[in-house]
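Novice: Here is a sequence together with a model predicted from it:
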Amino acid sequence: MSGAAGASASAPPTAPASTPSPAPSGLARGTGEPADEALRSGDRAYDADDLAGAKRHYQRARTLAPKDPAPRVGLARVALAQTGVPTDYAAAPKDARIRALLKDLDGALRLDPDYGPAHVERGRVLLILGRAEEALKSLERGAELAPGDPEAHSALGVALIATGRSAEAVDRLKRAAELDPDNPERLTNLGTAYMMRGRVTEAIRAYERAVQLAPNDPRARGDLGTAELAANRPDKALPHLRRAVELAPDRATFLSNLGYAYQLAGKLDTAIETYRRALAKDEKLGSAWINLGTALAQKGQLDDAERAFKKALALDPTDPRAKANLLELDEMRKGGKKK
């Protein structure tokens, strides 16, 4: 029976939907001019999650320098944060607020077509809208104009993953991590790219560093645990996956991955119970139904296993895992009758 070692989530075409973009770099240029000092104050407030303060400072900067695109980019960043929309790939493809931000950033670029941060921010917004090809163009230009900006490389790496170019994404995400070595999200994104290339050992190293930097980040814990599962080390995966569930108890994918770790460790009853907990959180999680089916089949509960596989197939009729497991289940039954 083929189980699913559950990546965090999946999104078309190939990018994990859980691949977010870390906080962007500051906009102040260090000139010491009044408008630039207002930008610096806005950057500081933004980094401290004081969105109201950041908005106030960026508005002052725009008043002092109305033809500078930087304050408009800062205001777009604040507006994005205030929506509460995740910065994951394709997180809000139809959100009118995000589409409005795209227009604001187009306006900033009309002031200066060569302003790198505007291209980067525009690319980030396009990623949230799920428009990967357009995002790629903006982010390539942003990285060209701002080669020292880690977010330019990081977001470009996400766009490359989203367009199926994971080999190129590794180089960009690696560069982002080099420029911003203490940012755990840059490391988890790099780990995701390594995983997509089958470079599990390197992914584990990236995730381990992310966990060192952010031990209470559920994504870093969950990703490290999933990578350890890919290395067939459930004993090493279990502590991280348990911690991920503790930190984010409502994330069904974390529970499903924890169940898979229990299953690989031979703890079938605990695995089944954990899969059922995951499905109680999200009954549309196909990988959890498949894993539940494989665990039930291992227990000899073939009818229950069949129901689980059929549930997965109903959710995604193209899923080859569900079809393969149903065929294997049929062979198991035939073999039992022959005996």
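Specialist: Nice, I can see it.

Novice: Name all residues that make contact with D112.
Specialist: D68, P69, A118 (CB atoms under 8 Å, 6 or more residues apart in numbering). To be clear about C-beta, it is placed using only N, CA and C from the backbone, and glycine gets the same treatment.

Novice: wait, what's in contact with the first one?
Specialist: By CB under 8 Å, 6+ apart, the residues touching D68 are A35, A61, R62, L111, D112.

Novice: what's the answer for the last one, then?
Specialist: Going by CB under 8 Å, 6+ apart, A118 touches P69, R72, V73, L105, A108, L109, D112, G142.

Novice: which stretch of helix or strand covers K236?
Specialist: helix 234-247 (DSSP states H and E).

Novice: Name the residues that touch that helix?
Specialist: 211, 216-219, 221-222, 224-226, 228-229, 251, 254-255, 257-258, 261-262, 264-265.

Novice: Give the buried residues for that helix.
Specialist: Neighbour counts over helix 234-247 (16 or more other CB atoms under 10 Å) mark P234, K236, A237, L238, H240, L241, R242, R243, A244, V245, L247 as buried.

Novice: Kindly report the same for stretch 299-309.
Specialist: L302, D304, A305, E306, A308, F309.

Novice: Output those residues in JSON lines; the columns should cover pLDDT, secondary structure and distance to E273.
Specialist: JSON lines is the format used below for these (pLDDT from 0 to 100; DSSP: H, G, I helix; E, B strand; the rest coil; distance: CB to CB, whole Å):
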{"residue": "L302", "pLDDT": "95", "secondary structure": "helix", "distance to E273": "19"}
{"residue": "D304", "pLDDT": "97", "secondary structure": "helix", "distance to E273": "13"}
{"residue": "A305", "pLDDT": "97", "secondary structure": "helix", "distance to E273": "16"}
{"residue": "E306", "pLDDT": "97", "secondary structure": "helix", "distance to E273": "20"}
{"residue": "A308", "pLDDT": "97", "secondary structure": "helix", "distance to E273": "14"}
{"residue": "F309", "pLDDT": "97", "secondary structure": "helix", "distance to E273": "19"}
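
Novice: Spell out the residue ranges of the helices in the stretch 101-250 of the chain.
Specialist: For the stretch 101-250 of the chain, the helices defined by DSSP state H, counting those that start in this stretch occupy 116-128, 132-145, 150-162, 166-179, 184-196, 200-213, 218-230, 234-247.

Novice: Please tabulate the ones you listed in CSV, including the columns distance to G293 and mean pLDDT.
Specialist: Output for the helices of the stretch 101-250 of the chain, formatted as CSV (distance: least, CB to CB, whole Å; pLDDT from 0 to 100):
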stretch, distance to G293, mean pLDDT
helix 116-128, 34, 97
helix 132-145, 33, 98
helix 150-162, 29, 95
helix 166-179, 29, 96
helix 184-196, 24, 95
helix 200-213, 25, 98
helix 218-230, 18, 97
helix 234-247, 19, 98
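
Novice: want to try JSON lines for those, with distance to A52 as columns?
Specialist: Below are the helices of the stretch 101-250 of the chain laid out as JSON lines (distance: least, CB to CB, whole Å):
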{"stretch": "helix 116-128", "distance to A52": "20"}
{"stretch": "helix 132-145", "distance to A52": "27"}
{"stretch": "helix 150-162", "distance to A52": "23"}
{"stretch": "helix 166-179", "distance to A52": "29"}
{"stretch": "helix 184-196", "distance to A52": "24"}
{"stretch": "helix 200-213", "distance to A52": "28"}
{"stretch": "helix 218-230", "distance to A52": "27"}
{"stretch": "helix 234-247", "distance to A52": "28"}
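
Novice: wait, which of the ones you listed is closest to L315?
Specialist: Judged by CB to CB, the one of the helices of the stretch 101-250 of the chain that comes nearest to L315 is helix 218-230, at 20.7 Å.

Novice: Quick one: low-confidence residue ranges for the stretch 1-150 of the chain.
Specialist: Within the stretch 1-150 of the chain, the ranges that satisfy pLDDT under 70 run 1-23.

Novice: Compute the number of surrounding residues for I98.
Specialist: The tally of other residues near I98 (other CB atoms under 10 Å) stands at 19.

Novice: which SSE is it in?
Specialist: Applying DSSP H and E, one finds I98 within helix 96-111.

Novice: Can you check which helix is longest in the chain?
Specialist: helix 320-338 (DSSP state H).

Novice: Tell me the helices and strands packed up against that one.
Specialist: helix 286-298, helix 302-315 (3 or more CB pairs under 8 Å, 6 or more residues apart in numbering; DSSP states H and E).

Novice: Show residues contacting the first one.
Specialist: What it means is helix 286-298. Outside helix 286-298, the residues that touch it by CB under 8 Å, 6+ apart are 1-4, 6, 252-253, 255-256, 259-260, 263, 268, 271-272, 275-276, 278-279, 282, 302, 304-309, 311-312, 315-316, 319, 321-322, 325, 329, 332.
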